[in-house]
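A.B. asks: Dropping a prediction and its sequence here:
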Amino acid sequence: MSQKNETPVLILSLLITAGLIGGGFWWFTQKGGINLSQTNKSKSPTSNTTNQSQASSEKNNNTKFTAVANIPTGLFNYGGSTSWAPIRLSVDSAIQAALPAFQLRYVQPGVGKAGSSSGIQMLINGQLTFAQSSRPITDKELERAQKRGFSLKQIPVAIDGLAIAVHPDLKIPGLTINQLRSIYTGKTTNWSELGGANIPIQAYSRPVNDGGTVEMFVQDILGGEAFAANVEFIPTTTQALKKVASSLGGIYYASAPEVVPQCSIRALPLGRIRGQYIVPYQEPFVTPSQCPGKRNQLNIESFRSGKYPITRNLFVVIKQNGQIEEQAGIAYANLLLTEQGQKLISQQGFVRIR
């Protein structure tokens, strides 16, 4: 057969083959009950389920210390606010147990007392990797850091508040913020002026510039005014609470978890308007006779909602320099913000921030 005659035969053969394949494909899809468009659609829910499962898994992973990423290894110095003491004792020890390569060492200031201010200053001076603060960073601190070639960042990790301690036998329903200011600036000197008995007021405080708690009190409660001459300064909260417990006219302020559970004093309700007081503890009030078998617990809802008039955040202060110090500070904050960290923080009497 010549090449000219073979060409039509080949073309016809190809057409017949294509027809057979197409017909078979049609029969398979129709008679076999398979719909290609439906098959493609059926993959979509499976894909979404997988993505949701992965997202859920990632969320669950973030509940534990061991799931936090980018944690450096080494020894890292930190320090600062005394209000953080319960967190350092409980939460930080749990972090160390879970992540022994991320070593944390609390450092006291070489001069002066521990506190938010001293911790941030030590951070700026290169003595700490990161700092713990019970008040926001100030403009002056930011300026000092910038002069050294870096910036500071604060990450809130918990909610705290100030509680007012008085003698348990002092008969007074509560105080407004203005009345509290009047006491500590010396304008009010007797409880009878506030609806109580004729008892001289003895106000106690930690020394000025002795930590974020005092700084916050001066700024937010006293409005920048100085303490009155009759305010007695006590080195520690433990000593001050003992003073209040032995003085019917005594009054003192401190971090709420340090005050509310105490047996020997009463945490006083506070309000912005007279007669509209918010208790810092969960009701019903646990009387001293019931303590220590039962103890008062923090009024978490009023602190979280801001109804209680003196609340604040606790911050991890980080040096933003692109070095391992920044990495360590961010890692520490992320650890505290895990479900495991927040749960431990709440067990120490603070209010979880997430």
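C.D. replies: Arrived safely, thanks for sending. Numbering: from 1, shown residues only.

A.B. asks: Tell me, how many residues neighbour Ala229?
C.D. replies: Using other Cβ atoms under 10 Å, Ala229 has 6 other residues around it. From N, CA and C alone the C-beta is placed, and that goes for glycine too.

A.B. asks: Over to Gly212?
C.D. replies: 28.

A.B. asks: Give me the contact list for stretch 96-106.
C.D. replies: For stretch 96-106, the external contacting residues (Cβ atoms under 8 Å, 6 or more residues apart in numbering) are 64-66, 71-79, 88, 92, 95, 328, 331-332, 335.

A.B. asks: Go ahead and list the helix or strand containing Ser117.
C.D. replies: Using DSSP states H and E, Ser117 sits within helix 116-124.

A.B. asks: which helices and strands does the next helix or strand after that helix pack with?
C.D. replies: On the C-terminal side of helix 116-124, the nearest following helix or strand under DSSP H and E is strand 130-133. Using 3 or more Cβ pairs under 8 Å, 6 or more residues apart in numbering; DSSP states H and E as the contact test, the elements touching strand 130-133 are strand 74-80, helix 116-124, strand 311-320, helix 324-336.

A.B. asks: of all the ones you listed, which gets the most neighbours per residue?
C.D. replies: Greatest average neighbour count among the helices and strands packed on strand 130-133 goes to helix 116-124 (a mean of 25), per mean count of other Cβ atoms under 10 Å.

A.B. asks: who's in contact with stretch 209-225?
C.D. replies: 81-83, 113-118, 133-135, 162, 177, 180-181, 184-185, 205-208, 227, 253-255, 310, 312.

A.B. asks: ditto for stretch 235-253
C.D. replies: Applying Cβ under 8 Å, 6+ apart, the external contacts of stretch 235-253 come out as 82, 113, 162-167, 169-170, 180, 183, 191, 199-207, 213, 217, 221, 232, 234, 254-255, 258-259, 262, 264-265, 268.

A.B. asks: Now, of those residues, which are buried?
C.D. replies: 82, 113, 162-167, 170, 180, 183, 191, 199, 201-206, 213, 217, 221, 234, 254-255, 258-259, 262, 265, 268 (16 or more other Cβ atoms under 10 Å).
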